[in-house]
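>>> Just a sequence and a predicted model for now, questions to come.
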Amino acid sequence: MAMATTTLKAEVRQNELVIACSPSFHFCWLLARLPSFEAAHRDIRVVVHTALSTHAATTQPDAIIGVGHWPTDGRLRQRGFMELHSGPVMAPALAARISPAGPPLANIRHLRLRRDSTIWRDWYEDAGVPPADAPDEAAFDHLFLTIEAARAGLGAAIAPYAYVADDIATGLLAAPFGFLERKVPYHIAWAGGIEPKAALRVFTEWLVEEGRRTPQPKKS
């Protein structure tokens, strides 16, 4: 009986895939797509851990999803699956207030992540837009909250196009400056030096396909 129980647990763990990602990636992109994965792969159970997970520390993740510059010394193996384009989004009523003269966002509150104090400065530099002088700001703990605040008309937030494509298409949000391509695509990464289990290989290929199918902003 003990041997059978151990074997059963090992089989369950092989078919369980623990993925770590940010709350915003989970809420704004992954969550709506997971049902299609589960429908196509009923033998694989995906468990998502985020910073908000109460049990995140009890199980080591099989893979991590994120953006940015990750180690290239062999500690991680990674695969890109989706380009990142970002830009300011806001309610259409706020977009109508943009001034054609002077700093265009001077009279619009700047929404940002609490931990990312330079995101607006970086965007002004990259977009070549005159910066607002000491703009009114509001900071939030998660990106999905800044997007919700933008939807509510509280200001403008810099958001990934993949997170807001539907809102742009339906007119819930406006993006008067378009979206800039960032050179840090979304990656899935796992520990180097070991062969990823079959469930992770299947999930990675699915991510690549979903990333390919995700709408990209029109080129200006």
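Perfect, I can see it now.
>>> pretty sure residue 153 contacts residue 89?
No: Residue 153 is not in contact with residue 89 according to Cβ atoms under 8 Å; the separation is 11.7 Å. C-beta here means a position set from N, CA and C on the backbone, and glycine is covered the same way.
>>> So for these two, which sits in the more crowded spot?
residue 89 (29 against 12; other Cβ atoms under 10 Å).
>>> Strand partners (parallel or antiparallel) of the helix or strand that one falls within?
Assigned by DSSP states H and E, residue 89 belongs to strand 76-89. The strands beside strand 76-89 in its sheet (DSSP bridges) come out as strand 156-160 (antiparallel), strand 180-191 (antiparallel).
>>> Show me the contact partners of the longest one.
It stands for strand 180-191. Residues outside strand 180-191 that contact it (Cβ atoms under 8 Å, 6 or more residues apart in numbering) are 19, 25, 62-70, 75-87, 123, 126-127, 196, 200, 203-204, 207, 211.
>>> got it, and the first one?
Contacts with strand 156-160, where a contact means Cβ under 8 Å, 6+ apart, come from 28, 84-90, 94, 105, 108-112, 119-120, 123, 143, 146-147, 149-150.
>>> Buried among the contacts of strand 180-191? Need that as a selection in ChimeraX.
To isolate the buried ones among these in ChimeraX, judged by 16 or more other Cβ atoms under 10 Å, type:
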select :19,25,62,63,64,65,67,76,78,80,81,82,83,84,85,86,87,123,196,200,203,204,207,211
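>>> ok so, going back, please save the CA atoms from the strand holding residue 89 in CSV.
Below are the C-alpha coordinates for strand 76-89, written out as CSV (Å, rounded to 0.1, in the frame of the first residue of the first chain):
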residue,chain,number,x,y,z
LEU,A,76,17.9,29.1,-16.3
ARG,A,77,16.7,27.8,-19.6
GLN,A,78,14.1,30.1,-21.2
ARG,A,79,11.9,30.5,-24.2
GLY,A,80,10.3,33.7,-25.4
PHE,A,81,6.6,33.4,-26.4
MET,A,82,5.2,36.9,-26.9
GLU,A,83,6.4,40.4,-27.8
LEU,A,84,5.9,43.3,-25.4
HIS,A,85,4.4,46.6,-26.6
SER,A,86,3.4,49.2,-24.1
GLY,A,87,2.0,52.7,-24.0
PRO,A,88,-0.3,55.1,-22.1
VAL,A,89,-4.0,54.1,-22.0
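>>> Many thanks, we can stop here.
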